[in-house]
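sequence first, then the predicted structure:
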Amino acid sequence: MAARGFSAYRGQHLGAALEYAKGRIDLLRPVIVGFNANGAPTAYEFPIWQAAAAVFFKLFGLWFGWANLTSLLFMLAGGWPLFQIARLYLGVRGAWWTLVFFIAQPLVFFEAGRGGNNGCCCTFAVWFVFFGERLVRTGQIGWTIPAALFGALSAVTNASFFFCAGLAVFFMLVVQHAKSPRRWILLAAVGLFAAGVFAAWTHYTSQLAAQAEFSFVDLRLSGKTEGTSMVSLYFGDLRYRLNPAMWVKGAWHFFNGEFGSYVLLALPIIGFFGLRRGLAHFWIAAAAATTLVFTNLVLQHYKYYLMFSPALALLCAAAMEPLEEHLFSGTWEKWRTCAIFGTGVLLGLAVLQGFMGMKVVLETDPYPEHIAQLIRQYTSPNDKLLIEGGGLGGDELFLSDRRGLSIWSTQFLEQPQNLKRIQSLGFTRLVMISESPLLTAVQQSNPGGANISRRSYHPFLTPVAQGWKTLVENDDLLIRVIPPG
């Protein structure tokens, strides 16, 4: 896709990598494009992926495909520990099947090539489980340091992935080695170290957030965005958890992302009941428990289902290995190669089916680049933009090579002191963007979505900006001049 001009990416991660590439790579001061008005650093997760992608950009140029390659390398780095875990519990043949079923999950396949840190977070969690499992199984102190290191990396890149991985290892300790004080002490030391690093990082990110003006999203746990608290955005509430529609939608995301074809659902079920109780069961239970804690995050975003992916791959392999031996032994041995090839074809088709369910077609949408071209045409490099509808990561800003601030609407400018401050910070243009027609069509194709209308920028334009000079106005885009203060 990148070679043909369509690069799948997450805007907040790619934009930060591009900012690094243009200047100095400072892991403590990443910048999410358009996230605040004064350019203050925004440290949401520890920006390891962003820094790695920026190295490729510095060396080879600002082609977005280098971001995709960075993600692929991070995901591949998680293959070895997953293989070793699988070999321990399933043997060599089962380990290879584990990798096959891991890669063949539509969500894993997609995120492995998507420019963003999701695959990086998954890999750190797998490494954490790899070392944590060895620590609990052997009780050897030598596994403590690497387990603590990758636990800390997992915690500061994605707290929910860390929670899931740590819980899986904890369940293993409780069920299999509860009477070993040594193991309890070692795992507690790992957890305390990782939690301490996470607490220090969270404190630091909160200090940075306090420096920002007009933040698009207040990422602090105590913060609110458009009247919604971050606690609610992270965890949801009881009403949300008791809403069946949310769980049905989440299940739809889960099955599309993890299996693609519902036929494959039989494999992890067979593996779950056929495999002797071990790490895969603990991992699945941990992922389910994490979903109950971070309910809103998991149910609303595909990427969090990556927590389930390694364990599901283990269970699928546990079911597939004996099935392979049973069906293709003796007189049927000569058909083994054909059967494996056929399995590969079926898994490939399942990936495509999953892609359709995940609406991956949106990654090929030409609309953002079309809008970026219009922004470049009607603004100058010296302009600073207020941009509504430009994406969480300032996608339209870095696509058009402009500076600016992402906003929800012009409502905040109704307060004179806010407008005056925006003018004093040098903002000169208001840009408002309607929803992509392709996105609207995709939403309308969902069950019950036929009556969904395209989101227009008009409801987000308030009286304060009605009389400003218009440079371009159509159904897709509005650009107006912000009067000088």
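Right, received. Where do you want to start?

correct me if wrong: Phe294 contacts Phe235.
Yes: at 6.2 Å, Phe294 and Phe235 qualify as touching, with contact defined as C-beta atoms under 8 Å. Heads up, the C-betas are built off the backbone N, CA and C, glycines and all.

these two: which is more packed in?
Just comparing Phe294 and Phe235: by other C-beta atoms under 10 Å the higher neighbour count belongs to Phe294, 21 against 17.

what about the stretch 101-250 of the chain, any weak spots by pLDDT?
Within the stretch 101-250 of the chain, the stretches with pLDDT under 70 are 227.

show me what contacts Ala51?
17, 20, 25, 27 (C-beta atoms under 8 Å, 6 or more residues apart in numbering).

now do Ala313
82, 86, 98-99, 101-102, 105.

farthest pair in these?
Ala86 and Gln105 (14.6 Å; C-beta to C-beta).

Tyr262 - how many residues pack around it?
Around Tyr262 there are 11 residues (other C-beta under 10 Å).

from memory it sits against Phe254, does it?
No: with contact defined as C-beta under 8 Å, Tyr262 and Phe254 do not form a contacting pair (11.2 Å).

ok so, going back, most neighbours out of the contacts of Ala51, which is it?
Busiest of these [other C-beta under 10 Å] is Ala17, holding 31 neighbours.

and the pLDDT at that one?
In the predicted model, Ala17 carries a pLDDT score of 97.

quick one: it from Lys58, how far?
10 Å (C-beta to C-beta, to the nearest Å).

three-state assignment of Ile185?
helix (DSSP: H, G, I helix; E, B strand; the rest coil).

which residues are in contact with it?
So Ile185 contacts nothing (C-beta under 8 Å, 6+ apart).

which parts of the stretch 1-150 of the chain are helices?
11-22, 48-60, 65-76, 79-103, 106-113, 118-138, 144-157 (DSSP state H, counting those that start in this stretch).

which other residues reach the longest one?
For helix 79-103, the external contacting residues (C-beta under 8 Å, 6+ apart) are 108-109, 112, 126-127, 129-130, 133, 267, 275, 278-280, 309-310, 312-314, 316-318, 320-321, 324, 344, 347.

coming back round to it: which one of the helices of the stretch 1-150 of the chain lies nearest to Glu363?
Here helix 106-113 is closest among the helices of the stretch 1-150 of the chain (C-beta to C-beta), at 8.6 Å.

same for that closest one, what does it pack against?
helix 65-76, helix 79-103, helix 118-138, helix 244-258, helix 336-357 (3 or more C-beta pairs under 8 Å, 6 or more residues apart in numbering; DSSP states H and E).

what's the angle between that helix and helix 118-138?
Here helix 106-113 points in a direction 110 degrees away from that of helix 118-138 (axes from the mean of the first three to the mean of the last three C-alpha atoms, to 10 degrees).

quick one: buried residues of helix 106-113?
106-113 (16 or more other C-beta atoms under 10 Å).

same check, this time on stretch 363-378
Result for stretch 363-378 [16+ other C-beta under 10 Å]: buried residues 363, 367-368, 371-372, 374-375.

which ones among the residues you listed are found in helices?
367-368, 371-372, 374-375 (DSSP state H).

can you list the helices of the stretch 1-150 of the chain in TSV and add distance to Lys469?
Formatted as TSV, those follow (distance: least, C-beta to C-beta, whole Å):
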stretch	distance to Lys469
helix 11-22	29
helix 48-60	37
helix 65-76	37
helix 79-103	54
helix 106-113	43
helix 118-138	42
helix 144-157	45
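
out of these, nearest to Val472?
Nearest of these (C-beta to C-beta): helix 11-22, 22.9 Å.

and that closest one with helix 48-60, angle?
Using the same axes, to 10 degrees: helix 11-22 against helix 48-60 is 40 degrees.

off-centre distance for helix 11-22?
16 Å (C-alpha atoms, centre = their mean, to the nearest Å).

quick one: residues in contact with that helix.
By C-beta under 8 Å, 6+ apart, helix 11-22 touches 26, 30-35, 44, 47, 49-51, 53-54, 57-58, 62, 64, 67, 115-117, 391-395, 397-398.
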